[in-house]
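J.: return a 3D structure for these sequence lines:
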Amino acid sequence: MAKKLKFTPAGNSPFFVTLRERVDAYFTEQALSPYANRSMWGKACFFLGGYIGLYALIISNQFSTPAMLGMSLLLGIFAACIGFNVSHDAVHGAFSSRPWVNRLLGNSFYLLGASPYVWKITHNVVHHTYTNIPGHDEDIEVAPGLVRLNPDDPKYPWHRYQHIYTIPLYAFASLSWVFRKDFVKFFKSKIGQHKNAVHSRGEYVNLFVGKTLYYLAFLVVPCLVLDLTVWQVLAGFVLMHLTEGLVLGLVFQLAHVVEGTEFPMPDDSGMMSESWAIHQLHTTANFAPDSSLAAFICGGLNRQIEHHLFPKVCHIHYPAITVIVKDTAREFGLPYLENRSFASALYSHYRMLQHFGQQ
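T.: Residues are numbered from 1 along each chain as shown. Okay, the predicted model is just below:
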């Protein structure tokens, strides 16, 4: 049975105190804000503009069916990139010092057919607090019973083949998010061990109105204005979400389920053996840290260590503070996990799927 968790007090280890002082000193000495700069606003405009532009081109009904399918595929990629680069930072409060700006940009999650409110609970509160802890972090419970992503999950005979079928299965993550996941999470009394029973009336309205508007925009309107059959519209919609789901699924899994990451459990009293910050170093990994393309597309999620330690710092600053985090971790004899490329991280994830399937 899952227990109420407590981390070892941070005061027992000077690591995070030292690290925060050094990161704060960097922003002070460089006279920089930890929030979005011009480059960050440029990225946001690029992905939001590209998404709106692609949708408008499709709805214009001026293109052939194959061309519209191609644009649907691109629309899925842009949707994932909005999630990485705009919604994610904004919901963490890292985009702007003005809360209303973060709320406005956080609502870009609705463009993905997702609820920013549910995301804030499942990601900001649960995942960031209880990273990789079985029974608490539901991000390591992908298709329970079908996919085994941690050593505490029950093992079934078909898991020996999960390294073959799991990665293609990630493509369905976005469709599940749009039609199922948000509703399931919203109405669960607990997410992990986080009590989730009480929501305001406004959040009920936001959930159902947001979903309805999305279904209207991407299913009803195309059927009304395009010279396509219902099945062709559905094919474009599914292709968009399969692309979006694969991109989303891979980026998030390559940060926590790769070789070297741990899945620690509390002791009998519910106490974790490390402080929260050191726990993040044991359970999180970066990938492709030197790739400008990965940084541009993934919105800093290829540098998950920095993100987990400093979620309220805009990801545009992660490359600069990476040196500080890495050097401080090594100074205190702590792990700093990274895969040098996307391909090596993907292979490491594949090997972890094999490991948990054959364990």
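
J.: how much space separates residue 192 from residue 140?
T.: For residue 192, the distance to residue 140 equals 10 Å [CB to CB, to the nearest Å]. All C-beta spots, glycine's among them, are computed from the backbone N, C-alpha and C.

J.: okay, the two: which has more neighbours?
T.: Using other CB atoms under 10 Å, the more surrounded residue of residue 192 and residue 140 is residue 140, with 25 against 22.

J.: so that one touches residue 257, yeah?
T.: Yes - checked against CB atoms under 8 Å, the pair residue 140 and residue 257 is within contact range at 6.7 Å.

J.: what do the two both touch?
T.: Common contacts of residue 140 and residue 257 (CB atoms under 8 Å, 6 or more residues apart in numbering): 149-150.

J.: ramachandran angles for residue 287?
T.: Phi and psi for residue 287, reported as degrees, to the nearest 10, are phi -140, psi 150.

J.: run a quick neighbour tally on residue 84.
T.: When neighbours are counted by other CB under 10 Å, residue 84 comes out with 24.

J.: what do you get for residue 83?
T.: The burial count for residue 83: 27, using other CB under 10 Å.

J.: check residue 240 too.
T.: There are 25 residues near residue 240, going by other CB under 10 Å.

J.: and the helix or strand hosting it, which residues are buried?
T.: According to DSSP states H and E, residue 240 maps onto helix 230-253. By neighbour count on 16 or more other CB atoms under 10 Å, the buried set for helix 230-253 is 232-233, 235-253.

J.: ranges for the strands of this protein?
T.: Counting by DSSP state E, the segments of the chain that form strands are 190-191, 194-195, 285-287, 337-339.

J.: most centrally placed residue in the chain?
T.: residue 252 (5.1 Å; CA atoms, centre = their mean).

J.: per-residue pLDDT, that residue?
T.: What the model reports as pLDDT for residue 252 is 89.

J.: CA atoms of stretch 52-63 as CSV?
T.: Extracted in CSV, the C-alpha atoms of stretch 52-63 (Å, rounded to 0.1, in the frame of the first residue of the first chain):
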residue,chain,number,x,y,z
ILE,A,52,-2.9,28.7,-36.4
GLY,A,53,-1.6,29.1,-39.9
LEU,A,54,-1.7,25.4,-40.6
TYR,A,55,-5.2,25.1,-39.3
ALA,A,56,-6.3,28.0,-41.4
LEU,A,57,-4.7,26.5,-44.5
ILE,A,58,-6.5,23.2,-44.0
ILE,A,59,-9.9,24.9,-43.3
SER,A,60,-9.4,27.1,-46.4
ASN,A,61,-10.3,24.1,-48.5
GLN,A,62,-7.8,25.2,-51.2
PHE,A,63,-5.6,22.1,-51.2
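
J.: residues contacting residue 8?
T.: 271-275.

J.: from the residues you listed, list the buried ones, please.
T.: Here, 16+ other CB under 10 Å leaves 272, 274-275 buried among these.

J.: would you list these in CSV and tack on distance to residue 40?
T.: Output for the buried ones among the contacts of residue 8, formatted as CSV (distance: CB to CB, whole Å):
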residue, distance to residue 40
272, 34
274, 32
275, 30
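
J.: name the nearest residue to residue 271, sequence neighbours excluded.
T.: Once flanking residues are discounted, residue 271 sits nearest to residue 6: 5.2 Å by CB to CB, 6 or more residues apart in numbering.

J.: the one you found and residue 261: what is the separation?
T.: Taken as CB to CB, the span from residue 6 to residue 261 is 22 Å.

J.: then residue 62?
T.: Residue 62 is 48 Å from residue 261, by CB to CB.

J.: please say which of those two ends up with more neighbours.
T.: residue 261 (21 against 9).

J.: pretty sure that one contacts residue 284?
T.: Yes - the pair residue 261 and residue 284 qualifies as a contact (CB under 8 Å) at a distance of 6.8 Å.

J.: now do the shared contacts for those two.
T.: Joint contacts of residue 261 and residue 284 (CB under 8 Å, 6+ apart) are 132, 337.

J.: where does the chain dip in pLDDT?
T.: 1-3, 10-12 (pLDDT under 70).

J.: please redo it, this time with the cut-off set to 80
T.: Low-confidence segments of the chain (pLDDT under 80): 1-4, 10-13, 192-193, 359.

J.: what's the residue of it positioned farthest from its centre sitting at in phi/psi?
T.: Residue farthest from the centre of the chain, counting by CA atoms, centre = their mean, is residue 227 at 35.8 Å. In terms of degrees, to the nearest 10, the main-chain angles of residue 227 are phi -80, psi 60.

J.: tally of neighbours for the residue nearest to it when sequence neighbours are not counted?
T.: In this structure, residue 227 finds its nearest non-sequential neighbour in residue 61, 6.1 Å apart by CB to CB, 6+ apart. Residues contacting residue 61 under the criterion other CB under 10 Å number 12.

J.: quick one, which of the strands of the chain is nearest to residue 123?
T.: strand 190-191 (10.2 Å; CB to CB).

J.: circling back to that earlier point, mean neighbour count added to the strands of the chain, as JSON lines?
T.: Formatted as JSON lines, the strands of the chain follow (neighbours: other CB atoms under 10 Å):
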{"stretch": "strand 190-191", "mean neighbour count": "16"}
{"stretch": "strand 194-195", "mean neighbour count": "12"}
{"stretch": "strand 285-287", "mean neighbour count": "26"}
{"stretch": "strand 337-339", "mean neighbour count": "22"}
